[in-house]
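K.L.:
Need a 3D model of the following:
(one chain, ligands or ions: 1)
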Amino acid sequence: MERYVLLAPAKINLYLEIIGDRPDGFHELAMVMQTVELSDRITLSTLSTDTIRVRCNHPEVPNDESNLAYRAAALLGEKFPKAFARHGGIGIDIEKNIPVGAGLAGGSTDAAAVLVGIDMMWKLGLTRIELQSLGAQLGSDIPFCISGGTAIATGRGEKISPITDLQGLYVVLGKYRSLSVSTPWAYKTYRSQFESNYVREEASLLARQERVHSGPMVAAIAQQDGETIAQRLYNDLEKVVLPEHPKVQALRDACAACPEALGAMMSGSGPTVFALAKTLEDAKAIRKTVSSQIDDEDLALWVTPLHSAGVRVEKL
Ligand code: ATP
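P.N.:
Reported below is the predicted structural model:
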């Protein structure tokens, strides 16, 4: 039996601007994405039956066809039926370390790992671009999860332009265990509240793209300037998620008020809040202060460094 173990890291958004509506119904976005070290561990194995089987140690993650990791395997099975028949079924075991429904792309990164792992297992020889374009058929965050590091993501989030990797910073992640935010809800609510600012026609979309405000963030990343990066953190979805969840606003405020924090923001559609710190000691101090100020057992906090790559094979 063949077996591959892959690490599938989470992402945070350093920048998320909603530009307008696309003809396909998705939002047109301008984002800066960053991989962090906190990762799920995905074990892929061959099965003697021609089925796809998913197991996960987290009770909220489905084990059926609705699991994004399952869908990634099914997509490759459909595209490469001969390889699927030759190698038999696929077992996918997910050790979930990334919080679920958290704005950290947990499901997307699992799917990215399955695409990368099956490509190796079946010796398909797909390029990174080919894997990313398959991933984009399943979810907008998957192409970034495959390459990782620091990147600009445009379109509906699937067009990736890698930039200089941001290095040396540490991240404190905070999430209320029992609170999840549905990504479709966040975008739908944003649309209903801010539709009047939306750009729709293709020509105006191009002109509006010239006016995205992510330039200073990208420049600060090029200079590895943590202070300016922290000042330029931006996420349009905070406008709908924070008013709906005052606890998340309070968590964000508590993180931002820590003297060791360079800055704090919500990641993606939330509800995870992150704080940036210059050193591991500073990050640990933020975690300690926040957990003593917010005395709530439901609050989970993690400290994790940035990471400069996406899915990778675990060195055993
Ligand atoms: P994103 O940041 O990409 O919007 P997220 O971090 O907010 O994603 P996920 O953790 O990917 O959210 O989970 C969203 C929902 O997707 C979960 O409620 C779960 O039911 C479903 N799901 C399907 N497959 C997975 C998976 N492999 N891991 C986690 N959730 C999954």
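
K.L.:
my guess is residue 282 meets residue 260, correct?
P.N.:
Yes. The pair residue 282 / residue 260 is scored as a contact, 3.8 Å apart, by C-beta atoms under 8 Å. (Glycine included, C-beta is placed from N, CA and C.)

K.L.:
residues from the stretch 51-200 of the chain in reach of the ligand?
P.N.:
When proximity is defined by C-beta under 6 Å from any ligand atom, the stretch 51-200 of the chain lies next to the ligand at 61-62, 66-69, 94, 100-108, 110, 141, 183.

K.L.:
Buried subset of these, written for ChimeraX?
P.N.:
To isolate in ChimeraX the members of those that are buried, counting by 16 or more other C-beta atoms under 10 Å, one can use:
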select :61,67,68,69,94,100,101,102,103,104,105,106,107,108,110,141,183
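
K.L.:
Please flag which of the residues of the stretch 51-200 of the chain next to the ligand sit within helices.
P.N.:
Counting by DSSP state H, these place 68, 69, 106, 107, 108, 110, 183 in helices.

K.L.:
Give me the phi and psi angles of the nearest residue to the third one once chain neighbours are set aside.
P.N.:
Spatially, and ignoring its direct neighbours in sequence, residue 106 is nearest to residue 98 (3.9 Å; C-beta to C-beta, 6 or more residues apart in numbering). In this entry, residue 98 is assigned phi and psi values of phi -80, psi 130 (degrees, to the nearest 10).

K.L.:
go on, residue 30?
P.N.:
In this entry, residue 30 is assigned phi and psi values of phi -130, psi 120 (degrees, to the nearest 10).

K.L.:
Distance check, the closest residue to it other than its chain neighbours against residue 152.
P.N.:
Leaving aside its chain neighbours, residue 30 sits nearest to residue 212 (4.1 Å; criterion: C-beta to C-beta, 6+ apart). Spatial separation of residue 212 from residue 152 under the definition C-beta to C-beta, to the nearest Å is 10 Å.

K.L.:
same thing with residue 284?
P.N.:
Distance from residue 284 to residue 152, by C-beta to C-beta: 31 Å.

K.L.:
Neighbour count for those two, which is higher?
P.N.:
Taking other C-beta atoms under 10 Å, residue 284 and residue 152 do not tie; residue 152 has more neighbours (20 against 15).

K.L.:
Assign a three-state SS to the more buried one, would you?
P.N.:
Following DSSP: H, G, I helix; E, B strand; the rest coil, the label given to residue 152 is strand.

K.L.:
Could you look up the SS state of the closest residue to it other than its chain neighbours?
P.N.:
In space, and not counting its chain neighbours, residue 152 is closest to residue 161: 4.5 Å by C-beta to C-beta, 6+ apart. The local conformation at residue 161, judged by three-state DSSP, is strand.

K.L.:
now swap in residue 253 and tell me
P.N.:
Assignment for residue 253 (three-state DSSP): helix.

K.L.:
confidence score at it?
P.N.:
Looking at residue 253, its pLDDT reads 97.

K.L.:
With residue 198 instead?
P.N.:
Residue 198 is given a pLDDT of 70.

K.L.:
OK, contacts around it?
P.N.:
Contact analysis of residue 198 by C-beta atoms under 8 Å, 6 or more residues apart in numbering lists 20, 21, 191.

K.L.:
burial of the residue of the stretch 201-316 of the chain found nearest the ligand, as a residue count?
P.N.:
Closest residue of the stretch 201-316 of the chain to the ligand, C-beta to the nearest ligand atom: residue 268 (4.2 Å). Here the number of neighbours of residue 268 (other C-beta under 10 Å) works out to 24.

K.L.:
Helices of the stretch 1-150 of the chain, start to end?
P.N.:
68-79, 81-87, 106-121, 128-136, 142-147 (DSSP state H, counting those that start in this stretch).

K.L.:
Reformat the ones you listed as JSON lines; add mean pLDDT.
P.N.:
Listed next are those as JSON lines, based on pLDDT from 0 to 100:
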{"stretch": "helix 68-79", "mean pLDDT": "97"}
{"stretch": "helix 81-87", "mean pLDDT": "92"}
{"stretch": "helix 106-121", "mean pLDDT": "97"}
{"stretch": "helix 128-136", "mean pLDDT": "97"}
{"stretch": "helix 142-147", "mean pLDDT": "98"}
